[in-house]
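**Student:** Kindly return the folded structure for what I paste below:
(chains A and B)
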Protein chains: 2
Amino acid sequence: MSSVTVPPPACLLRPLEAPLRYLFGPGPSNVPPRVLAAGGRPIIGHLHPEMYGIMNDIKKGIQYAFQTENKMTISMSGSGHAAMECAVFNAVEPGESVLVAVNGIWGERVAEIAERMGELLLLFSKEDPYDSIESNDIFFAVEKHKPVLFFLTHGESSAGLCHPMDGIGDICRKHNCLFLVDTVASLGAAPIYMDKQSIDILYTGSQKALNAPPGTAPISFNERACQKMFNRKTKPVSYLFDMTHLSNYWGCDGKPARAYHHTGPVSGFFALRESLAILAETGLEESWRKHKEVSGYLQRGLEDLGLKLFIPERDLRLPSVTTIAIPEGYDWREMLVYIMKNHQMEMTGGLGPSIGMVMRIGLMGYNCEKTNADMALQALADALKNCKKTRG
Amino acid sequence: MSSVTVPPPACLLRPLEAPLRYLFGPGPSNVPPRVLAAGGRPIIGHLHPEMYGIMNDIKKGIQYAFQTENKMTISMSGSGHAAMECAVFNAVEPGESVLVAVNGIWGERVAEIAERMGELLLLFSKEDPYDSIESNDIFFAVEKHKPVLFFLTHGESSAGLCHPMDGIGDICRKHNCLFLVDTVASLGAAPIYMDKQSIDILYTGSQKALNAPPGTAPISFNERACQKMFNRKTKPVSYLFDMTHLSNYWGCDGKPARAYHHTGPVSGFFALRESLAILAETGLEESWRKHKEVSGYLQRGLEDLGLKLFIPERDLRLPSVTTIAIPEGYDWREMLVYIMKNHQMEMTGGLGPSIGMVMRIGLMGYNCEKTNADMALQALADALKNCKKTRG
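**Tutor:** Numbering: from 1, shown residues only, chains lettered A, B, ... in the order given. As a prediction, the model looks like this:
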């Protein structure tokens, strides 16, 4: 057996092309040159001492961004979904029950993951499927079902909702239930305090307000979560996401040596460190303030265009991703294609349950500037003018 | 609740530092400037049409590298371990039996993964734990145990062994067993023909002879594997690694639209495309020839230094990673530290079962040059001179 029968593909003999785009959707966001440069540096080995130093810096940066002192703080070698699975795989044993708050796509996703291993209970908002869920309803559901884990999304990017967090951690603690929060779309844009808000497991993604390329995902576990996950009777279903190994790889388990587990995305960690460094330099409070200011500015501009915001309550609006109800007499797909074609700008439609209901504009981190809000408003005004149906 | 209590970490106010290193271990390998530049380009959205074009190019590049026409050919958004878990999670249902050939670390790893979900059977080499396994032994084991999946590593980097592949796929086919092969350490360095060798599932990593940064992992499934995995009674344990969704994300399922599944590592895919383009330009046969030539040159140089190669049979030596028996009178850790400190060069010790038995030199892809072999030999000669114990 000797010769090659599948020839080299002609498409690969052409150079890589990727257009410049304004990424004003719900993420990934444009990556600042500083972070791109960090990610494009010559790599070192994943087990070199300098790499451990970089990973330690990342850990500190995540602790700051999450407002936590948890030593069990790492980054996944994967997207937000890897963190989501890691949390469920490690915190839940087969047959245990999980309660999931569903008011958009992220709850649906965790339900998809949890139903593969345990008993699943869903909790919906009473009034409107995209509204926040009352603390009282959470209290009764946790008391009644006694789940081992309760999941809630902080920044529900499919609806543009920022869910209130205060008090929920205490409810869970009272009933010996772990409180798992998804802050992928909100971290750095809206305040979250992991320790003060008694959140047991918190994760995010790299490609939203942190402005790193997608592919890494910070996650942190507090002492309660560690107690549960390191006293399991069964091993987690995934070896790759097993926190017994990941905690060692990240030097969180107190052991003197780190064993080889998997090969981490070295370039991705370079970029993640740089994005966390920018957040540390800017300061969380300034970052929160700016997202609030720019999203408020964008929202007023949208209303001035005659558009209706999807989330009526101002305080519940997510500062990173703004949702607009689709205006009557327009085809949202046509508008988005028009804006992409004529303004090189990404805005998006809904996601999962909100498809066909909303258009979404994300101005996150590096992109969170009034000048960008102005550009987005101009592009929308142009689309409103040129995409109107003859009989709207 | 308002103010930040965890302050910004001082370590992040210092710039990112990563030294320049010769990565002559078993991977990651040095990344060529062309691939670094591709990975450092401004990103686009993971669901933009241009991204689908890039993913299609990647698919074609993997088909060439694997020598397969399988349409179910994708890259994982993760390292080789993600591909390993994806293969096992999708091909095996709970309680089914898996046969794993163990002659180094990779078989041990697959066993770790498989034992979490099914019945596990291990197959060892009769003579030496690091030797290849006879086809006859595989035949008898498959016939006796009737597993649904048989795993074998093509390039066992912990031992420096390149396992013969011919005939094994036919054995598996005869007994309705899927043949899963790990080619992480060997792809591009040693010939593999997925279709001709009747391999049902094949995967690799990005950071070895392909010379992309770690974080992506090509994998391909043939029609037999698809028949099994798409006619399961149960869902795979992982949503993230569920091929029903991944095949749609990669446009392999024939459906007109791709739904959002997870956010792929855009920069990682840029880099992977570039590394596959280099392989297409070079040509597989030239790449195999060069790895054989340079590893042969390195091996002669090592023997000239009085060192003993760990794999005695020349034909079984892996052309990407060469293993040396630890010379008497030396502490291997001390030698490696000396070489790193004085030559800015990574060589490594053993991995898993071969720790304490071998030192390993990898010259892969971009690094596979006689001039690099000379540098490695010089560094080793220097260490042999300076690290000898007084009573060796």
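**Student:** Report the secondary structure state of residue A:220.
**Tutor:** Look at residue A:220: counting by DSSP: H, G, I helix; E, B strand; the rest coil, its state is strand.
**Student:** Looking at the stretch 1-150 of chain A, what residue ends up closest to chain B?
**Tutor:** residue A:40 (2.4 Å; CB to the nearest CB). To be clear about C-beta, it is placed using only N, CA and C from the backbone, and glycine gets the same treatment.
**Student:** give me the number of residues near that residue?
**Tutor:** With neighbours defined by other CB atoms under 10 Å in any protein chain shown, the count for residue A:40 comes to 23.
**Student:** do residue A:259 as well
**Tutor:** Counted with other CB under 10 Å, residue A:259 comes out at 12.
**Student:** ok, the residue lying closest to it once chain neighbours are set aside to residue A:256 distance?
**Tutor:** Among residues not flanking residue A:259 along the chain, residue A:248 sits closest, at 5.9 Å (CB to CB, 6 or more residues apart in numbering or on different chains). Here the criterion is CB to CB, to the nearest Å. By it, residue A:248 lies 11 Å from residue A:256.
**Student:** continuing past the helix or strand bottoming out on mean pLDDT in chain A, what's the next helix or strand?
**Tutor:** Between all helices and strands in chain A, the lowest mean by mean pLDDT, DSSP states H and E belongs to strand A:119-124, at a mean of 87. Later in the chain than strand A:119-124, the nearest helix or strand by DSSP states H and E is helix A:135-145.
**Student:** That next one near chain B anywhere?
**Tutor:** No - Helix A:135-145 does not reach chain B (CB under 8 Å from any CB of the partner chain); its nearest approach is 14.6 Å.
**Student:** Which strands or helices does that helix pack on?
**Tutor:** strand A:97-102, strand A:119-124, strand A:149-153, helix A:168-174 (3 or more CB pairs under 8 Å, 6 or more residues apart in numbering or on different chains; DSSP states H and E).
**Student:** List of residues touching it?
**Tutor:** Outside of helix A:135-145, the residues within contact range by CB atoms under 8 Å, 6 or more residues apart in numbering or on different chains are A:97, A:99, A:101, A:121, A:123, A:126, A:150, A:152, A:164, A:167-168, A:171-172, A:175, A:177.
**Student:** does the residue nearest to the spatial centre of chain A sit in a helix, a strand or a coil?
**Tutor:** Computing the C-alpha centroid of chain A and ranking residues by CA atoms, centre = their mean puts residue A:184 first, at 1.6 Å. Using three-state DSSP, the structure places residue A:184 in coil.
**Student:** so residue A:111 touches residue A:120, yeah?
**Tutor:** Yes - at 5.8 Å, residue A:111 counts as touching residue A:120 under the criterion of CB atoms under 8 Å.
**Student:** any residues in contact with both of these two?
**Tutor:** In contact with both residue A:111 and residue A:120: residue A:100, using CB under 8 Å, 6+ apart.
**Student:** roughly how far out does stretch A:87-106 sit from the chain middle?
**Tutor:** 17 Å (CA atoms, centre = their mean, to the nearest Å).
**Student:** What parts of the stretch 151-300 of chain A come near chain B?
**Tutor:** So far as CB under 8 Å from any CB goes, the stretch 151-300 of chain A lies against chain B at A:166, A:191, A:193, A:195-197, A:205, A:207, A:213-215, A:235-240, A:260-268, A:270-271, A:273-274, A:276-277, A:279-281, A:283-285.
**Student:** Could you list which of these belong to helices?
**Tutor:** Judged by DSSP state H, these include A:266-268, A:270-271, A:273-274, A:276-277, A:279-281, A:284-285 as members of helices.
**Student:** Which ChimeraX command selects the buried ones in those residues?
**Tutor:** Remark: buried members of these, expressed as a ChimeraX selection using 16 or more other CB atoms under 10 Å in any protein chain shown:
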select /A:266,267,268,270,271,273,274,276,277,279,280,284
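**Student:** For the ones in helices among the residues of the stretch 151-300 of chain A next to chain B, give me CSV that also has pLDDT and distance to residue A:304.
**Tutor:** Formatted as CSV, those follow (pLDDT from 0 to 100; distance: CB to CB, whole Å):
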residue, pLDDT, distance to residue A:304
A:266, 98, 47
A:267, 98, 43
A:268, 98, 40
A:270, 98, 42
A:271, 98, 37
A:273, 98, 40
A:274, 98, 37
A:276, 98, 36
A:277, 98, 37
A:279, 98, 32
A:280, 98, 36
A:281, 97, 34
A:284, 98, 31
A:285, 98, 29
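**Student:** Redo the ones in helices among the residues of the stretch 151-300 of chain A next to chain B as JSON lines? Include distance to residue A:298.
**Tutor:** JSON lines is the format used below for those (distance: CB to CB, whole Å):
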{"residue": "A:266", "distance to residue A:298": "36"}
{"residue": "A:267", "distance to residue A:298": "33"}
{"residue": "A:268", "distance to residue A:298": "30"}
{"residue": "A:270", "distance to residue A:298": "32"}
{"residue": "A:271", "distance to residue A:298": "27"}
{"residue": "A:273", "distance to residue A:298": "30"}
{"residue": "A:274", "distance to residue A:298": "27"}
{"residue": "A:276", "distance to residue A:298": "26"}
{"residue": "A:277", "distance to residue A:298": "27"}
{"residue": "A:279", "distance to residue A:298": "21"}
{"residue": "A:280", "distance to residue A:298": "26"}
{"residue": "A:281", "distance to residue A:298": "25"}
{"residue": "A:284", "distance to residue A:298": "21"}
{"residue": "A:285", "distance to residue A:298": "20"}
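**Student:** and of the ones in helices among the residues of the stretch 151-300 of chain A next to chain B, the nearest to residue B:91?
**Tutor:** Residue B:91 lies nearest to residue A:268 out of these, by CB to CB, at 28.0 Å.
**Student:** Pull the contacting residues for that closest one.
**Tutor:** Contacts of residue A:268 (CB under 8 Å, 6+ apart): A:39, A:77, A:206, A:212, A:213, A:215, A:216, B:213, B:215, B:265, B:267, B:268.
**Student:** Report the separation between the first one and residue B:19.
**Tutor:** In this case it means residue A:39. 17 Å.
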